[in-house]
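1. Can you look at this prediction? I've put the sequence above it.
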Amino acid sequence: MSVAAALQDHLQARDLDQAVADLMSAAATVPGLARRLEQAGVDPTAITSVAALSELPVLPKDSVVDLQREDPPFGGMLADGADVVRVFQSPGPLYEPQLAGADSWRWGQVFSALGLGEGDTMLNALGYHLSPAGAMMEAGGLATGARVLPGGIGNQDLQVQAIADLGVTAYAGLPSYLKALVERFDEAGLPRERWLLDKAMVTAEPFPDSLREILTERVATVRMAYGTGETGLLAYENGDGAGLVLADGVLVQVCEIGTGVPITDETEGEVVVTVLRPDYPLVRFGTGDLSGWMVGPDGSLRLRGVLGRTGVAVKVKGMFLHPAQIASVMAGVSGVADYRFVVGRVDHVDTLRCEIVPEPGADADALVTQVGPKVRDGLRFRAEVVAVSTLTTGSGPILDTRDWD
């Protein structure tokens, strides 16, 4: 079956044309969406299909940040009376509302497919502070009936002790962090018979085959899932080894970069998402992620995974590092003539080094001491800060040296 045929079957099987028509009928008066439609010259009453919706230009993430600054806090993108129970802050800053309702980000789908349920205890090793990631995974785990241990990132000694004491059976988080926990468990001398963790959902960073082989030596089932803080779960592995199946409750498109025209073959493009909720109609949102279509062994439409980024932001340890944020933080440091953030990867773990070039006469050691806390507080990253006489070869404030082969 061709990608075009699988795409058509997907639209029909999930009745996405009707879902789009219902969304626009209910949400066209939401101020932020209404302005977009007016500016694009698109009649909301004419949007009765996915094809018609695709006439609306893609909304880049940076534009959402601008909208929120102009019309705080959510850029006029919430429907009147929308029930927001939590608010999160992602790099930008971008404020993301959590809407009322169980598992409003739909992550329960991947955990159900993984086999979680009553009797399971899931260690949630994604961040809870400002980031929506931890809350997303918690809601998804709870939706299956499993218990959730809110581990977050850090305190590995306490986490491996809890794995042993509580009989933790499942994990959600970065694949590199799961590897670190396996190693810390063994270093602590905990009995191997108390390692019961046999199911893991990993996300937010690439998952090369070399790391998968290491993890599956200790965790029987490890599956990759893909989502964003703005849109929730988008796609996930189902165990047959062929791409990512698409989540319910959301319209995922792969579109030409620059034009926003939907792609109907294997060509790579930007992942563009419409969340099918009239209380927060995030329509034609450009994730900045690159992917492409493929057809699964069952004939279903699949994503090939995240193949890169379209923009200038880089994901490090599961979080975005953006040049604009770097500039804002480094602008507050006097005595630095130039700087660069170098991203590396050692033993399946991301590393971050901040290289600074001191101005003539500046105290290099004092600058190193000053920059570290500013990076940690302003960017939410811990970085090795080093003073250098010249910068390494490359352009821009971020140099990504990682090799995923």
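-> Yes, it's here.
2. mind checking the longest helix of the chain?
-> Taking DSSP state H as the criterion, the chain has its longest helix at helix 364-379.
3. Which other helices and strands does that helix contact?
-> Secondary-structure packing of helix 364-379 (3 or more C-beta pairs under 8 Å, 6 or more residues apart in numbering; DSSP states H and E): helix 323-330, strand 349-358, strand 384-387. From N, CA and C alone the C-beta is placed, and that goes for glycine too.
4. List the buried residues for it?
-> By neighbour count on 16 or more other C-beta atoms under 10 Å, the buried set for helix 364-379 is 364, 367-368, 370-371, 375, 379.
5. and that helix, how far from the chain's centre?
-> 27 Å (C-alpha atoms, centre = their mean, to the nearest Å).
6. Next, format the helices and strands packed on helix 364-379 as JSON lines and append distance to E38, mean pLDDT and mean neighbour count.
-> Shown next, in JSON lines, are these (distance: least, C-beta to C-beta, whole Å; pLDDT from 0 to 100; neighbours: other C-beta atoms under 10 Å):
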{"stretch": "helix 323-330", "distance to E38": "28", "mean pLDDT": "79", "mean neighbour count": "16"}
{"stretch": "strand 349-358", "distance to E38": "43", "mean pLDDT": "85", "mean neighbour count": "19"}
{"stretch": "strand 384-387", "distance to E38": "48", "mean pLDDT": "86", "mean neighbour count": "16"}
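7. Indicate which one of the ones you listed is closest to D279.
-> helix 323-330 (29.4 Å; C-beta to C-beta).
8. that older thread, just curious, which of the buried residues of helix 364-379 is nearest to L37?
-> L379 (35.5 Å).
9. From L174, how far off is the closest one?
-> 18 Å (C-beta to C-beta, to the nearest Å).
10. for the stretch 151-300 of the chain, what spans make up the strands?
-> Here the stretch 151-300 of the chain has its strands, by DSSP state E, counting those that start in this stretch, at 170-173, 199-202, 221-228, 232-236, 244-246, 250-255, 269-275, 285-291, 293-295.
11. Make CSV out of those and add mean neighbour count and mean pLDDT.
-> Formatted as CSV, the strands of the stretch 151-300 of the chain follow (neighbours: other C-beta atoms under 10 Å; pLDDT from 0 to 100):
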stretch, mean neighbour count, mean pLDDT
strand 170-173, 28, 98
strand 199-202, 25, 98
strand 221-228, 22, 96
strand 232-236, 25, 98
strand 244-246, 22, 97
strand 250-255, 22, 97
strand 269-275, 24, 96
strand 285-291, 22, 92
strand 293-295, 21, 96
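12. Of all those strands, which one comes closest to V314?
-> The nearest among these, by C-beta to C-beta, is strand 285-291 at 10.7 Å.
13. Which one of the helices and strands packed on helix 364-379 lies nearest to D338?
-> That would be, of these and by C-beta to C-beta, strand 349-358, which comes in at 4.3 Å.
14. A40 and V58 touch, don't they?
-> No - the pair A40 / V58 is not scored as a contact, 10.7 Å apart, by C-beta atoms under 8 Å.
15. Which one's more surrounded, these two?
-> Set side by side, A40 and V58 show more neighbours around V58, with 22 against 12, by other C-beta atoms under 10 Å.
16. What separation is there between the closest residue to L197 other than its chain neighbours and R223?
-> The spatially closest residue to L197, leaving aside those adjacent along the chain, is V168, at 5.4 Å (C-beta to C-beta, 6 or more residues apart in numbering). Between V168 and R223 the computed distance is 17 Å (C-beta to C-beta).
17. again, but for D9
-> Taken as C-beta to C-beta, the span from D9 to R223 is 24 Å.
18. Over to D157?
-> D157 is 27 Å from R223, by C-beta to C-beta.
19. cool, and S389?
-> As defined by C-beta to C-beta, S389 lies at a distance of 47 Å from R223.
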